[in-house]
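# coords please:
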Amino acid sequence: MPMTTLYDQAPRITVRDPLADFLGATDDGLLTYRYLDAVRLAGHSCPTVASAFLMTRAALAALYPDSVPERGALHAALSAAQTDGVCGVIASVVTLLTGATGDGGFKGIGGRFDRRQSLHFGTGAADTLQLRRTDTGAAVGVSARLDRVPAAPDGGTLMQRALSDTASPAELAAFRRSWQDRVRRLLLEHADDPAVFVVRPLDPPA
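Numbers count the residues shown, from 1 in each chain. Purely as a prediction, here's the structure:
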């Protein structure tokens, strides 16, 4: 499948950002994010980027079952430290979709729209990602069971050959196809699969 076709068919996420509304950036503050936006942010397409996009989508759907999610009104927490593994990549996609940021985020206007101190790392929670609404306190944890959408059996070998510049043109093409096929399966076959994207409600803060 051509990547442009995959990007067109992949799920989209629509949120409402009061800051965008306030500044007239969009009609009614509505923003629709495509998987391609996450790819552009990360600079590549991979299972991590796809799962970050879909984990956030699943969490938002659980928190806002009957309304459009509000960007900038969520606190996000990652189980891992920011520098661990792919946590930073996941966090960047979460920030894109939710507006949650650390100290370097938007400082607000006139005491409103402050996005800082709403993204946290190293919680050690069982969930990869936790999202909490700032208005109701409702919260969910979500994790991706990527082992349930396995890579092609020869994917590791092909990657090593590609990394060592010993892959033939045919092997390089096969590696790219198999890599993006796993992304395709996540986005098109498992986006709404509760066995892959596991969401659980969390208790409100004490």
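# alpha carbons only for contacts and neighbour counts from here, please
Fine.
# any idea how far residue 121 is from residue 15?
Distance, residue 15 to residue 121, using C-alpha to C-alpha, to the nearest Å: 23 Å.
# which phi and psi does residue 198 have?
Taking degrees, to the nearest 10, you get phi -90, psi 120 for the backbone angles of residue 198.
# state the distance from it to residue 184.
The value you get for residue 198 to residue 184, if C-alpha to C-alpha is used, is 19 Å.
# just residue 178 next, same as before
Residue 178 sits at a distance of 10 Å from residue 184 (criterion: C-alpha to C-alpha).
# then residue 194 would be within a strand, right?
No - per DSSP: H, G, I helix; E, B strand; the rest coil, residue 194 lies outside any strand segment and is coil.
# so what's the residue count around it?
Neighbour count for residue 194, taken as other C-alpha atoms under 10 Å: 12.
# which pLDDT value goes with it?
pLDDT for residue 194: 98.
# dihedrals phi and psi, it?
Here is the backbone geometry of residue 194 (degrees, to the nearest 10): phi -70, psi -10.
# how about low-confidence regions in the protein?
Residues of the chain that meet the criterion pLDDT under 70 lie in 205-206.
# where do the strands of it begin and end?
Remark: strands assigned in the chain by DSSP state E are 13-16, 30-33, 74-78, 119-120, 129-133, 139-144, 197-202.
# I'd like those strands laid out as CSV, including distance to residue 173.
Formatted as CSV, the entries for the strands of the chain read as follows, by distance: least, C-alpha to C-alpha, whole Å:
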stretch, distance to residue 173
strand 13-16, 31
strand 30-33, 29
strand 74-78, 34
strand 119-120, 38
strand 129-133, 34
strand 139-144, 27
strand 197-202, 29
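# can I get the ones you listed in a markdown table with distance to residue 24 and mean neighbour count?
Formatted as a markdown table, the strands of the chain follow (distance: least, C-alpha to C-alpha, whole Å; neighbours: other C-alpha atoms under 10 Å):
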| stretch | distance to residue 24 | mean neighbour count |
| --- | --- | --- |
| strand 13-16 | 12 | 19 |
| strand 30-33 | 10 | 16 |
| strand 74-78 | 21 | 25 |
| strand 119-120 | 26 | 21 |
| strand 129-133 | 24 | 25 |
| strand 139-144 | 30 | 23 |
| strand 197-202 | 34 | 17 |
